[in-house]
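Asks: need a 3D model of the sequence below.
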Amino acid sequence: MRGYLRVGVDGTLTSYSVEPVSALIREAIGDSADMVRMPNGLMGWVDGEGHVKGLQRNVVGSIVLMALGAAQMPYAGPVVITGWDPVREIVALAVAGEHVVRAVHARVCAALAGAVDEDGFAAAVRETAAELVAAPTPALRVVPLGGEGR
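Replies: Okay, the predicted model is just below:
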């Protein structure tokens, strides 16, 4: 693959076969693109203001990111996954990376649809999904500097 993948808030996985650049990532998720660090040459991207904007939580996208090594967080809005090179930064997903992301996405969707497995992944996915849905919405508190009495 020479491109990137996007997980919509409805859980659908869409493939884009163009070289990912920051402008395309912002177009796919929103103007405030935040990096979600993952190992193995992958990088996730989310709208850093998604909760403030009132975007729907992306349960499937959040769990896919977490299963790939990202921090546990109820990410809001679409999720983009690209490749990452420490020197060149944003790069297209390698074929192996694409296969891993697609496999994880398929297992997450199957688990949320009620699949049962022997390694406990499905049960963990359903438990994590319930936690993500119930988690308080991250908030942003602005504290102005200065003001009266200062």
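Asks: how far out from the middle of the chain is the helix or strand harbouring residue 98?
Replies: Here residue 98 sits within helix 95-112, counting by DSSP states H and E. In terms of C-alpha atoms, centre = their mean, to the nearest Å, the centre of helix 95-112 is set 13 Å apart from its chain centre.
Asks: and it, average pLDDT?
Replies: Mean per-residue pLDDT for helix 95-112: 96.
Asks: gap between residue 49 and residue 138?
Replies: According to C-beta to C-beta, to the nearest Å, residue 49 and residue 138 sit 11 Å apart. Just so you know, the C-beta spots here come from the backbone N, C-alpha and C atoms, and that holds for glycine as well.
Asks: neighbour count winner among the two?
Replies: Comparing residue 49 with residue 138 by other C-beta atoms under 10 Å, the one with more neighbours is residue 49, at 17 against 12.
Asks: I'd guessed that one sits against residue 26; true?
Replies: No. The criterion here is C-beta atoms under 8 Å, and residue 49 misses it with residue 26 at 11.8 Å.
Asks: show me where this structure has strands.
Replies: Counting by DSSP state E, residue ranges of the strands within the chain are 4-7, 13-16, 33-37, 42-47, 79-85, 89-91.
Asks: against residue 31, how distant is residue 49?
Replies: Residue 49 is 8 Å from residue 31, by C-beta to C-beta.
Asks: center of the protein - which residue?
Replies: residue 79 (4.0 Å; C-alpha atoms, centre = their mean).
Asks: ok, now which ones touch that one?
Replies: 6-7, 29, 36, 44-46, 58, 61-62, 64-65 (C-beta atoms under 8 Å, 6 or more residues apart in numbering).
Asks: pick out whichever of the residues you listed sits closest to residue 100.
Replies: The nearest member of those to residue 100, counting by C-beta to C-beta, is residue 64 at 10.3 Å.
Asks: now do the contacts for the closest one.
Replies: Under the criterion of C-beta under 8 Å, 6+ apart, the neighbours of residue 64 are 7, 79, 81, 101, 104-105, 108.
Asks: likewise residue 20?
Replies: Residue 20 is in contact with 3-4, 80, 82-83, 90-92, counting by C-beta under 8 Å, 6+ apart.
Asks: kind regards, and thank you for your time.
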